[in-house]
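Chemist: can't give you the sequence, but here's the structure:
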């Protein structure tokens, strides 16, 4: 799940930009695997994902900041802090969902925030949806209905996991919406560092409130989670996003659930039936159409 929606002008890419975009999505897709392997609670794992890379993110933000510029007003800082709280709720919901549903479902539903953003764009623009947007919404609803129905057949805990992942998408929508006002005053690494700094204490508070074990006995899954998701995944995507159209980004985004499904099969024996595959294809197509429609409105 990505955390910064960069909408700057597209500049011509080179092969390394595509490698970065693909590598960033691959790294993010491994996140649910490390959450499952961690011997802390799932929300605690999210706290360590945010906390461990903070020193590195701070150095990258300071390097990117460059020359001094006027301090941001208090309202901008409040927007970032509120966005950080929303991202913490997003990550907490998603990690709880990861622990209770299949990794493919978690990856697909966790990215549902992009579809909610598309629907919000229609409301804000006060216009009727275009054909791509109607198709995306219809496919998303159909795919979600199939996957939720299948989860209910398998286990009610799996259904609850799916619902938590959908809730994560709702919180992600609010996170992106709140960051809109801060983008003009902060560079990408600054924004990522500041929002992460605001999110980490909230994640810790939620983990304590849930009574989860905080301090792990085995550190490597959490270090790998922090490195893959918050540094490599986010960093490569932040680097590559400005060089590609919405359509290319949407196609590459579909590698996340594909990798998650493969990891779920290899590491946890999770299998898919024909209906599961159909539901996932419908939601994946909805995400792709949503990205394509986003490109139309830029």
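Modeler: Nice, thanks for sending it over. Worth saying up front: this structure is predicted, and the values here are computed from it rather than measured. Numbers count the residues shown, from 1 in each chain.
Chemist: going forward, measure contacts between C-alpha atoms and count neighbours the same way
Modeler: Fine.
Chemist: show me where the stretch 151-298 of the chain has helices.
Modeler: With DSSP state H, counting those that start in this stretch as the criterion, the stretch 151-298 of the chain has helices at 156-179, 188-209, 220-225, 234-240, 246-253, 255-268, 274-296.
Chemist: Mind putting the ones you listed into CSV with mean pLDDT, mean neighbour count and distance to residue 103?
Modeler: Conversion of these to CSV gives the following (pLDDT from 0 to 100; neighbours: other C-alpha atoms under 10 Å; distance: least, C-alpha to C-alpha, whole Å):
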stretch, mean pLDDT, mean neighbour count, distance to residue 103
helix 156-179, 85, 23, 10
helix 188-209, 90, 21, 21
helix 220-225, 94, 20, 15
helix 234-240, 74, 22, 19
helix 246-253, 60, 20, 15
helix 255-268, 76, 18, 5
helix 274-296, 72, 21, 12
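Chemist: Can you check which of these gets nearest to residue 45?
Modeler: Using C-alpha to C-alpha as the measure, helix 220-225 is the one of those that comes nearest residue 45, at 6.3 Å.
Chemist: Give the other helices and strands that the closest one contacts.
Modeler: Using 3 or more C-alpha pairs under 8 Å, 6 or more residues apart in numbering; DSSP states H and E as the contact definition, the elements that helix 220-225 packs against are helix 31-37, helix 42-51.
Chemist: Figure out how far that helix is from the centre of its chain.
Modeler: Relative to the mean C-alpha coordinate of its chain, helix 220-225 is positioned 18 Å out (C-alpha atoms, centre = their mean, to the nearest Å).
Chemist: So which residues make contact with that helix?
Modeler: 30-31, 34-35, 37-38, 45, 48-49, 52 (C-alpha atoms under 8 Å, 6 or more residues apart in numbering).
Chemist: can you give me the strands for the stretch 51-200 of the chain?
Modeler: The residue ranges that make up strands in the stretch 51-200 of the chain, judged by DSSP state E, counting those that start in this stretch, are empty, as it has none.
Chemist: in it, what spans have low per-residue confidence?
Modeler: Segments of the stretch 51-200 of the chain classed as low confidence (criterion: pLDDT under 70) are 66-72, 114-115, 117-118, 121-122, 125, 151, 153-154, 180-186.
Chemist: before we move on, the earlier item: any idea which of the helices of the stretch 151-298 of the chain gets closest to residue 15?
Modeler: Evaluated with C-alpha to C-alpha, the helices of the stretch 151-298 of the chain place helix 234-240 nearest to residue 15, the distance being 10.5 Å.
Chemist: Show me what that closest one is packed against.
Modeler: The criterion is 3+ C-alpha pairs under 8 Å, 6+ apart, and the helices and strands that helix 234-240 contacts are helix 15-29.
Chemist: Compute the inter-axis angle for the helix it packs on and helix 255-268.
Modeler: For helix 15-29 against helix 255-268, the angle between stretch directions is 50 degrees (axes from the mean of the first three to the mean of the last three C-alpha atoms, to 10 degrees).
Chemist: Report the buried residues of helix 15-29.
Modeler: Within helix 15-29, the residues that qualify as buried are 17-18, 20-29, counting by 16 or more other C-alpha atoms under 10 Å.
Chemist: Can I get those residues in JSON lines including pLDDT?
Modeler: Written out in JSON lines, the entries for the buried residues of helix 15-29 read as follows (pLDDT from 0 to 100):
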{"residue": "17", "pLDDT": "79"}
{"residue": "18", "pLDDT": "78"}
{"residue": "20", "pLDDT": "83"}
{"residue": "21", "pLDDT": "79"}
{"residue": "22", "pLDDT": "82"}
{"residue": "23", "pLDDT": "86"}
{"residue": "24", "pLDDT": "84"}
{"residue": "25", "pLDDT": "80"}
{"residue": "26", "pLDDT": "86"}
{"residue": "27", "pLDDT": "88"}
{"residue": "28", "pLDDT": "84"}
{"residue": "29", "pLDDT": "83"}
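Chemist: Let me have the residues you listed in a markdown table, extended by distance to residue 96.
Modeler: Shown next, in a markdown table, are the buried residues of helix 15-29 (distance: C-alpha to C-alpha, whole Å):
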| residue | distance to residue 96 |
| --- | --- |
| 17 | 33 |
| 18 | 32 |
| 20 | 29 |
| 21 | 27 |
| 22 | 26 |
| 23 | 25 |
| 24 | 23 |
| 25 | 21 |
| 26 | 21 |
| 27 | 20 |
| 28 | 17 |
| 29 | 16 |
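Chemist: which of these lies closest to residue 271?
Modeler: The shortest distance between residue 271 and any of the buried residues of helix 15-29, using C-alpha to C-alpha, involves residue 29 and amounts to 17.4 Å.
Chemist: The closest residue to the closest one other than its chain neighbours: what's it in contact with?
Modeler: In this structure, residue 29 finds its nearest non-sequential neighbour in residue 256, 4.7 Å apart by C-alpha to C-alpha, 6 or more residues apart in numbering. With contacts taken as C-alpha under 8 Å, 6+ apart, residue 256 has the following neighbours: 25-26, 28-29, 107.
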